[in-house]
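J.: Give me a model of this one.
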Amino acid sequence: MKQNPIYIIFLTLLILTGCTHNISEKKGRPPADLIPRNEMVDIITDMHLYDAVMKEKQKKHNKISEPEYYMYQAVMKKHDITREQFESSLKYYQQDLEDFDKIYEDVIERLSKMKAKVDSK
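T.: Next up, the predicted model:
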């Protein structure tokens with residue numbers, strides 16, 4: 001059975017449009033307890049700082065640090081959030097990779113400023 005080229009082109013465009021629609025779709029509904037973007041930057045910055053401190057302690061004492069779950073409890077407590085709240089907010093922000101990249105750009109900028117301040121002393 002010979003297919004009409006217009007039919008094939010139409011079907012291909014229909015499939016591509018469907019795929020493109022899913023890719024370009026906006027974020028899903030935010031969680032009820034969504035952590036605001038600026039606070040996410042603060043939290044992720046603190047997590048990286050805490051991670052660096054723990055790795056430095058690990059080097060000095062030659063022992064394995066605490067599991068990640070316990071490592072970040074202090075950060076969660078400082079910001080008065082739960083792990084579940086952080087994870088659901090992180091998952092929400094990760095739906096838009098451009099926005100998530102901007103969050104990490106802010107984190108890197110803050111960490112760089114902190115490092116420059118320490119290095120200048």
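J.: alpha carbons only for contacts and neighbour counts from here, please
T.: Fine.
J.: I'd like the average pLDDT over the longest helix along the chain.
T.: Looking across the chain with DSSP state H, the single longest helix is helix 37-61. The predicted model assigns helix 37-61 a mean pLDDT of 86.
J.: Kindly report the same for stretch 78-85.
T.: Here the average pLDDT along stretch 78-85 is 94.
J.: which residues make contact with that stretch from outside it?
T.: By Cα atoms under 8 Å, 6 or more residues apart in numbering, the residues outside stretch 78-85 that reach it are 33-35, 43, 76.
J.: Next, format these as JSON lines and append neighbour count, secondary structure and distance to residue 57.
T.: Formatted as JSON lines, the contacts of stretch 78-85 follow (neighbours: other Cα atoms under 10 Å; DSSP: H, G, I helix; E, B strand; the rest coil; distance: Cα to Cα, whole Å):
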{"residue": "33", "neighbour count": "12", "secondary structure": "coil", "distance to residue 57": "34"}
{"residue": "34", "neighbour count": "16", "secondary structure": "coil", "distance to residue 57": "33"}
{"residue": "35", "neighbour count": "21", "secondary structure": "coil", "distance to residue 57": "30"}
{"residue": "43", "neighbour count": "21", "secondary structure": "helix", "distance to residue 57": "21"}
{"residue": "76", "neighbour count": "17", "secondary structure": "helix", "distance to residue 57": "20"}
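J.: What about residue 80? Give its phi and psi, please.
T.: As for residue 80, its main-chain torsions (degrees, to the nearest 10) stand at phi 50, psi 50.
J.: Roughly how far does it sit from residue 36?
T.: 13 Å (Cα to Cα, to the nearest Å).
J.: Alright, I will stop here.
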